[in-house]
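Engineer: Take a look and give me a structure for this.
(chains A, B, C and D)
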Number of protein chains: 2
Amino acid sequence: MNEVVVLTPERILEVTEDVLRRFGLAKATVVDVARALDVSHGSVYRHFPSKASLREAVAKRWLDRVSAPLAKIAEGSGPAPARLERWLRTLCLAKQKKVCDDPEMFATYLALAREACVVVKAHKERLADQIATILYDGVKQGAFQVTDVRASARAILDAISRYHHPAHAGEWKDADLAERFDALLALLLKGLEAPRKR
Amino acid sequence: MNEVVVLTPERILEVTEDVLRRFGLAKATVVDVARALDVSHGSVYRHFPSKASLREAVAKRWLDRVSAPLAKIAEGSGPAPARLERWLRTLCLAKQKKVCDDPEMFATYLALAREACVVVKAHKERLADQIATILYDGVKQGAFQVTDVRASARAILDAISRYHHPAHAGEWKDADLAERFDALLALLLKGLEAPRKR
DNA sequence: TGGATAACAGATATTGAAATCTGTCATCCA
DNA sequence: TGGATGACAGATTTCAATATCTGTTATCCA
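Structural biologist: Next up is the predicted model:
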């Protein structure tokens, strides 16, 4: 049988994540990754053109893991307002859980994200698309009154920055966090709402 | 005549700001400040118990200069929605102008604010109070329908974080900034609005 | 012949000794 | 006697030599 373990980009990314977890972003080197894979560092450069591109790929993996469960909610069915609320709560709670469970790794990913701004931008576009999907449903259902779905989707994502953007992670320990988030959510949903028929 | 120049806290703060401008936050020392004042650094410690407290006082001065013109708007008269819009635009444009005019000094103040989180918290409370003042007027005028003025005020401040919080300064160069801010503002104002009488 | 390697040059990081800084205090002086 | 001073100890920063890392390439091998 003697399985020959081949060096794939996927395997490199896994090990890189592990190395980042153990050493932190500042200290982790390509040589460390190669050592953990038991290959020369030149071999890593065969699969990724630079250290920056390797890091970018790790960032992308992480962000994809964030957006996947949200996509499920966005593409679900049922009343749009409830769905939007669930989507927004899921996004913010996921981020807040991450920082709470493993603050060091979160800090690592934050720094990584700052470098890989192209990847982050694409991620934000995807999130805005998901909100837009829900808003579009809401307009069809007559629950929302929105003139520009795309602009509103971005406005909502912007509005909750404080509760999902890693730069604000330091403010997530406040006792009144949930209360304030609820107030913001209520304000946004009221802003989207179509006037009641009577 | 021979005016004796006395060493006042105010004069120390002025010179400290100047030293910060010239050397940057990381390099500026209490000794530098004392040198610029032509006194021993021990004299500075007679007026401020520590370097941290000196920096805090500088941060406070800066934040007070931000909130003063906003207080004028908040305490003005006229229709609350227009006043709120003006207040929010003034806050965000002031911050964005600062970062555009003197990015280095802005970075210095950002780092300073991160240290002096107590002072920053008080500043945010003051801003929320100002918004609450406008909201209260709006409710009285029948323009806004808000159950908890204080909570709504904080929700609004939170919602525009992306456009006034220095942590997002990197995103203020985007071409669609004004457009996106307008969309968010419209959404928030719609959320505050009392249903039209008919 | 695709994929791994070791050797290499230039860039970056580490390290430890020396310099500087922070905060205190006994002393001075107007 | 309130306010300034300079000397001081311990903490922090700087700087330059040394080590390590990044990215390339000629070479190897299965």
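Engineer: Identify each of the helices in chain A and give its residue range.
Structural biologist: For chain A, the helices defined by DSSP state H cover A:9-23, A:30-37, A:41-47, A:51-74, A:80-101, A:103-115, A:117-141, A:149-159, A:161-164, A:177-192.
Engineer: Using PDB, write out the CA atom coordinates for the first one.
Structural biologist: Just to be clear, that refers to helix A:9-23. Presented in PDB, the C-alpha positions along helix A:9-23 are these (Å, rounded to 0.1, in the frame of the first residue of the first chain):
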ATOM      1  CA  PRO A   9      -1.900  23.400  -2.200                       C
ATOM      2  CA  GLU A  10      -4.700  22.200   0.100                       C
ATOM      3  CA  ARG A  11      -2.300  20.400   2.300                       C
ATOM      4  CA  ILE A  12       0.100  23.300   2.400                       C
ATOM      5  CA  LEU A  13      -2.800  25.600   3.400                       C
ATOM      6  CA  GLU A  14      -3.800  23.300   6.200                       C
ATOM      7  CA  VAL A  15      -0.300  23.100   7.600                       C
ATOM      8  CA  THR A  16       0.200  26.900   7.200                       C
ATOM      9  CA  GLU A  17      -2.900  27.500   9.300                       C
ATOM     10  CA  ASP A  18      -1.500  25.200  11.900                       C
ATOM     11  CA  VAL A  19       1.900  27.000  11.800                       C
ATOM     12  CA  LEU A  20       0.100  30.400  12.100                       C
ATOM     13  CA  ARG A  21      -1.800  29.100  15.100                       C
ATOM     14  CA  ARG A  22       1.400  27.900  16.800                       C
ATOM     15  CA  PHE A  23       3.800  30.700  15.900                       C
END
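Engineer: Quick one: name the residues of chain A near DNA strand C.
Structural biologist: Neighbours of DNA strand C within chain A, by Cβ under 7 Å from any atom of the strand: A:6-7, A:26-27, A:39-40, A:42-43, A:46-47. For the C-beta atoms, the positions are set from N, CA and C on the backbone; glycine is no exception.
Engineer: In the residues you listed, find the pair that's most separated.
Structural biologist: The most widely separated members of the residues of chain A next to DNA strand C, counting by Cβ to Cβ, are A:Val6 and A:Ala26 (30.5 Å).
Engineer: Which strands or helices does the helix or strand bottoming out on mean pLDDT in chain A pack on?
Structural biologist: Least confident helix or strand, chain A: helix A:103-115 with a mean of 93, by mean pLDDT, DSSP states H and E. The contact analysis (3 or more Cβ pairs under 8 Å, 6 or more residues apart in numbering or on different chains; DSSP states H and E) places helix A:103-115 against helix A:9-23, helix A:51-74, helix A:80-101.
Engineer: wait, which of the helices of chain A is closest to B:Ala153?
Structural biologist: Of all the helices of chain A, helix A:177-192 sits nearest to B:Ala153, with 9.4 Å by Cβ to Cβ.
Engineer: Can you give me the buried ones in stretch A:74-81?
Structural biologist: A:74, A:80-81 (16 or more other Cβ atoms under 10 Å in any protein chain shown).
Engineer: meant to ask about stretch A:86-102
Structural biologist: A:86-89, A:91-92, A:95-96, A:98-99.
Engineer: among the residues you listed, which two are most distant?
Structural biologist: Greatest spatial distance among the buried residues of stretch A:86-102 (Cβ to Cβ): A:Arg86 and A:Val99, at 20.7 Å.
Engineer: hmm, back to that, output the helices of chain A in a markdown table, with distance to B:Ala155 appended to each entry.
Structural biologist: Shown next, in a markdown table, are the helices of chain A (distance: least, Cβ to Cβ, whole Å):
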| stretch | distance to B:Ala155 |
| --- | --- |
| helix A:9-23 | 36 |
| helix A:30-37 | 44 |
| helix A:41-47 | 47 |
| helix A:51-74 | 22 |
| helix A:80-101 | 13 |
| helix A:103-115 | 25 |
| helix A:117-141 | 18 |
| helix A:149-159 | 9 |
| helix A:161-164 | 10 |
| helix A:177-192 | 4 |
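Engineer: OK, contacts around A:Glu104?
Structural biologist: Counting by Cβ atoms under 8 Å, 6 or more residues apart in numbering or on different chains, A:Glu104 touches A:Gly24.
Engineer: any idea how far it is from DNA strand C?
Structural biologist: 16 Å (Cβ to the nearest atom of the strand, to the nearest Å).
Engineer: same question, A:Tyr109
Structural biologist: Counting by Cβ to the nearest atom of the strand, the gap from A:Tyr109 to DNA strand C is 19 Å.
Engineer: ok, that residue touching A:Arg55?
Structural biologist: No - the pair A:Tyr109 / A:Arg55 is not scored as a contact, 10.5 Å apart, by Cβ atoms under 8 Å.
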